[in-house]
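# Quick one: sequence and predicted model below, then my questions.
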Amino acid sequence: MNTYQQPLDGVYGKDWKISSKMGWRIHPIHKTKKHHNGTDIISLRSGTTYVEAFANGRVVKARQSNAAGGGFGYYVVLRHYLDGEYYTSLYAHLEPNSFQVKVGQLLSAGDVLGKMGTSGMSTGKHLHFEIWKGKKHGWSSDGKGFVEPVGFIKALNASAQAKAWAKESTPETDPVEPEPNHEPTKKTAKGPSVKAFVVPVTVPIVVPVPRKVANKPAVKPVAKPVAKKIEKPKTHKIVSGDTLGKIARKYRTNVATLTKLNKIKRPDLIFVGQTIKLP
């Protein structure tokens with residue numbers, strides 16, 4: 001199984017820590033916003049600090065930078081082949097003339113490259129550490145092509161450990177779990193009760209799309225037959241038993257209207273055969 005390690009020995013927070021993360025920052029010398037393509041690491045221990053290869057690889061560079069202002073100072077670049085892909089790692093600002101490797105040399109994770117220093121464009125003793133995805137180490141102004149090295153190494157170790165599980169059997173001496181209980185509202189042998197939950201399902205709303213219909217000759221709407229209005233009679237011929245009250249109720253009017261319309265002085269002064277007007 002491949003092994004991966006941080007470029008400094010010890011425990012994070014006790015023996016070493018990150019002093020400047022990968023990402024946008026104000027450059028310590030130029031005082032302008034620039035992208036930091038690697039991670040700066042400092043030692044929390046006194047004395048000499050050795051910088052080590054994070055993984056198996058081959059040395060492709062071990063020299064002093066000729067960039068303006070000193071650049072990386074004394075630095076080493078390694079090439080790695082990890083899970084079928086090439087990566088390169090860069091270790092910068094090493095102590096002058098402290099190289100422990102040479103170009104073309106094959107290394108294992110943990111082999112010493114040199115001593116931590118502050119050569120080149122540096123404001124203090126630290127390691128500038130980069131990992132580039134590719135066969136030849138590159139550069140970009142916005143971090144494209146780089147991975148955050150400290151977190152990347154942690155992920156590689158976790159992946160390697162997970163893959164190793166497939167090659168191992170579970171020892172008979174391992175603890176035995178109790179019989180499972182898959183009822184969502186009942187208590188199991190261990191732990192509190194687990195409440196059932198419902199995963200909300202989003203039902204897509206389908207909006208009907210009107211179909212295009214070929215042009216057809218307009219069809220004139222058929223006019224509905226209009227019912228003839230039945231006119232109510234405008235007069236009433238008095239028959240035996242009629243009274244103005246009965247006539248008023250029959251035609252939904254009142255006695256006062258009938259007497260006024262027909263100039264009847266008294267409601268009882270009507271006779272059979274008489275025709276009276278209706279409102």
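That came in fine, so what should we check first?

# where in the stretch 1-150 of the chain is pLDDT low?
Applying pLDDT under 70 to the stretch 1-150 of the chain picks out residues 1-2.

# Sketch out the strands for it, chain order is fine.
Counting by DSSP state E, counting those that start in this stretch, the stretch 1-150 of the chain has strands at residues 16-20, 23-26, 33-36, 39-43, 50-52, 57-64, 74-82, 85-94, 106-107, 112-115, 127-133, 146-147.

# what's the neighbour count on Trp24?
11 (other CB atoms under 10 Å). (Each C-beta comes from the backbone N, C-alpha and C, glycine too.)

# Contacts only, for it.
Taking CB atoms under 8 Å, 6 or more residues apart in numbering, we find Trp24 in contact with 33-36.

# top of those residues by neighbour count?
His36 (19 neighbours).

# Would you check how far apart the closest residue to it other than its chain neighbours and Leu127 are?
Distance criterion CB to CB, 6 or more residues apart in numbering; nearest residue to His36, sequence neighbours excluded, is Arg25 at 5.0 Å. As for Arg25, its distance to Leu127 is 16 Å (criterion: CB to CB, to the nearest Å).

# which of these two has more neighbours?
A direct count of neighbours by other CB under 10 Å for Arg25 and Leu127 places Leu127 higher, at 27 against 13.

# pretty sure the more buried one contacts Ala92?
Yes - counting by CB atoms under 8 Å, Leu127 touches Ala92, with 7.3 Å between them.

# for the stretch 51-200 of the chain, what spans make up the helices?
With DSSP state H, counting those that start in this stretch as the criterion, the stretch 51-200 of the chain has helices at 149-164.

# Farthest-apart pair in the contacts of Trp24, please.
Lys33 and His36 (10.4 Å; CB to CB).

# How about the residue nearest to His36: which residues does it bridge to?
Taking DSSP bridges as the rule, Arg25 bridges to Lys34.

# these two touch, right, it and Thr32?
No - Arg25 is beyond contact range of Thr32, at 10.1 Å (criterion: CB under 8 Å).

# picking that back up, which one, of the strands of the stretch 1-150 of the chain, ends up nearest to Thr173?
Among those, strand 74-82 comes nearest to Thr173, with 34.4 Å by CB to CB.

# helices or strands next to the closest one in the packing?
In terms of contacts (3 or more CB pairs under 8 Å, 6 or more residues apart in numbering; DSSP states H and E), strand 74-82 is packed against strand 57-64, strand 85-94, strand 112-115.

# Dump those to TSV, plus distance to Lys14 and mean neighbour count.
Below are the helices and strands packed on strand 74-82 laid out as TSV (distance: least, CB to CB, whole Å; neighbours: other CB atoms under 10 Å):
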stretch	distance to Lys14	mean neighbour count
strand 57-64	27	18
strand 85-94	21	22
strand 112-115	20	20
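
# can the ones you listed go into TSV with extra columns for distance to Lys260?
Converted to TSV, the helices and strands packed on strand 74-82 look like this (distance: least, CB to CB, whole Å):
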stretch	distance to Lys260
strand 57-64	120
strand 85-94	110
strand 112-115	124
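
# Of those, which is nearest Leu156?
strand 85-94 (9.8 Å).

# Now do the closest one: which elements does it pack against?
If you count contacts as 3+ CB pairs under 8 Å, 6+ apart, strand 85-94 packs onto strand 74-82, strand 112-115, strand 127-133.
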